[in-house]
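**Student:** this one's sequence-less:
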C-alpha cells in the first residue's frame, strides 16, 4: 500500500461533485399535487364502514336530488340512495355526534335502547337525510366472531318515495339485510336490525325498550 494512500483518498473525496438538493423545486411540486376530490374521499370513508357490514358506495349522477330512497332488491340487499346532507362514517362517535345526527334527520328519531348489558357504542355512525346507520359492539366471549350489531333507522317516507337511480349521488348496498334481519315501525321511524348474534329474547327487549322510549317522549 502506498504511504500517501490516506491523503489520496481524502483528496478524491474533496473533488467529488455533489449537486445541491433542489428544495425550492420540491416544495413547489408538492404544493401542486392534486387534492383528492371530496367525492372520492367520501367513497373511501363509506367503504370503511364495512367493519361489520358489507357496504359498498356507488357514485352515480351528480344532479341535485333532495331526499333518501330505501328499497330491497331480489337478493334481499338493502339499497340506500341519497344525494344531499349525508355525512361520512364516524368511528367511536361522541354523544354530541349522535345528537347532531338526530337533529339533522327529517323524522323523529328513536335511538336504539334496551341493548344487552355491556354493549359498546355506537362504535360507528353514519347519517344521511332520512337515515341513520349505527353499529354496536355486542358483549360476550361467545360472540367474538360475530359481535357487530348493525341497526338502521329510517324515515318511513324513504321506503315509500319514488326514485330515479340515475340522479342519486351515493348509493349504499347492504347485502342480505332482509334475510335474517328484523324490522318494526315506531311512528314515522322504521327500524331495521340486521342479522347478528342477538338472541330472540334480546331482540324482543330492544323492540319493547324503543317503543317505551318513544311513548315516554310523546308525553
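**Tutor:** Done, it's in. Bear in mind the structure is a predicted one, so any value in this text is a computation, not a measurement.

**Student:** show me what contacts residue 111?
**Tutor:** When the contact criterion is CB atoms under 8 Å, 6 or more residues apart in numbering, the partners of residue 111 are 98, 102, 153, 210, 213. All C-beta atoms are positioned from the backbone trio N, CA, C, and that covers glycine.

**Student:** so when I look at it, I'm seeing a helix, right?
**Tutor:** No: judged by DSSP: H, G, I helix; E, B strand; the rest coil, residue 111 forms no part of a helix; its state is coil.

**Student:** Renumber starting at 520 from here on
**Tutor:** Taking 520 as the first residue, the last one we looked at is residue 630.

**Student:** what mean pLDDT does the lengthiest helix in the chain have?
**Tutor:** For the chain, the longest helix by residue count, based on DSSP state H, is helix 719-737. The average of the pLDDT scores along helix 719-737 is 92.

**Student:** ok, residues contacting stretch 613-622?
**Tutor:** The contact list for stretch 613-622, computed with CB under 8 Å, 6+ apart, reads 606, 609, 612, 628, 630, 641, 644, 646, 651.

**Student:** Give me the neighbour count for the first one.
**Tutor:** If you count neighbours by other CB atoms under 10 Å, residue 606 ends up with 15.

**Student:** can you check residue 708 too?
**Tutor:** Here the number of neighbours of residue 708 (other CB under 10 Å) works out to 20.

**Student:** same thing with residue 702?
**Tutor:** For residue 702, the number of neighbouring residues by other CB under 10 Å comes to 12.

**Student:** got it, and residue 617?
**Tutor:** The burial count assigned to residue 617 is 19, neighbours taken as other CB under 10 Å.

**Student:** how far away is residue 693 from residue 627?
**Tutor:** Taking CB to CB, to the nearest Å as the measure, residue 693 falls 23 Å from residue 627.
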